[in-house]
Structure formats: C-alpha cells, structure tokens
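Student: when you get a sec, could you give me coordinates for this:
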Amino acid sequence: QVQLVESGGRLVQAGGSLRLSCVASEGALSSVFMGWFRQAPGKEREFVAGISRNGETTYYANSVAGRFAISRDNAKNTVRLQMNSLKPEDTAVYYCAAGSNQISYSSHPSEYDYWGQGTQVTVSS
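Tutor: All right, here's what the predicted structure looks like:
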C-alpha cells in the first residue's frame with residue numbers, strides 16, 4: 001500500500017509559477033512509477049506528466065511540455081511538479097499517482113494503483 005499526499009496548490013496569476021509536491025509513505029517511492037494528473041470542473045481527469053522509477057525517463061502532455069517539469073527524490077519519498085508560465089486553462093485539481101506494474105511509466109489513469117487526495121491550482125487571468 002502506498003499513501004500519497006499532495007501539497008503546494010494555491011491561487012496564482014497567469015504567467016506565474018508553482019511547485020507541487022507529493023510525499024509518499026516511507027520507503028515506497030522507489031518501487032513505483034509516478035504521474036501527475038489534473039481534473040477541471042466538468043472535465044475528465046487528464047494526464048499531465050509521468051516519471052519512471054529511477055527518474056531517468058519523463059513524459060509530458062503536449063499542453064504542458066516546455067512549461068512543466070516532473071522530478072523525484074526517492075530518498076526523500078517525494079515527487080514534484082514544477083509549473084511555469086501558468087495559464088488560466090491550467091486551473092484544476094492536481095493529483096499525484098503511483099503505479100506498481102512492470103511498465104516504466106504511463107499516461108493512462110487505469111495503469112495507476114494509488115492516488116493522492118488532490119491539491120487545487122487556480123490560475124487567474
């Protein structure tokens with residue numbers, strides 16, 4: 001069982017930056033691939049970024065590529081999402097997720113086994 005807790009979401013102006021953090025239960029992070037997803041009101045949950053177990057491979061949705069960066073520190077049980085040049089359309093609840101199967105990473109929510117409770121990001125225009 002992997003428990004995930006996100007933090008860092010808040011109200012920010014367009015063009016600003018935020019860094020989200022996701023802390024996993026002790027010792028759990030090195031065995032799972034990780035991802036960030038988001039869900040805006042009335043929309044389906046969508047993939048934002050993913051990272052392999054050792055952090056060597058990262059993957060981004062087209063809508064955030066070049067603006068967001070995912071990273072992980074397995075020793076600190078932490079995954080982060082650095083978000084720059086934020087836009088109003090980035091407004092959503094952001095979730096971190098962990099997957100335990102043998103693939104390296106995935107953009108599909110169904111491949112993830114554990115989810116955090118989410119953190120709200122609001123970008124004002």
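Student: tell me what the residue lying closest to C96 once chain neighbours are set aside is bridged to.
Tutor: Once its chain neighbours are removed from consideration, C96 has its nearest residue in C22; the separation is 3.4 Å (CB to CB, 6 or more residues apart in numbering). C-beta coordinates here come from the backbone N, C-alpha and C atoms, glycine included. Beta bridges link C22 to E6, V79, judged by DSSP bridges.
Student: the residue nearest to S107 when sequence neighbours are not counted bridge partners, please.
Tutor: The spatially closest residue to S107, leaving aside those adjacent along the chain, is F47, at 4.0 Å (CB to CB, 6+ apart). Following DSSP bridges, F47 is listed with bridge partners F37.
Student: shouldn't F47 be in contact with S110?
Tutor: No. Under the contact definition of CB atoms under 8 Å, F47 does not touch S110, with a separation of 11.2 Å.
Student: hang on, I70 in a strand?
Tutor: Yes. I70 sits within a strand when classified using DSSP: H, G, I helix; E, B strand; the rest coil.
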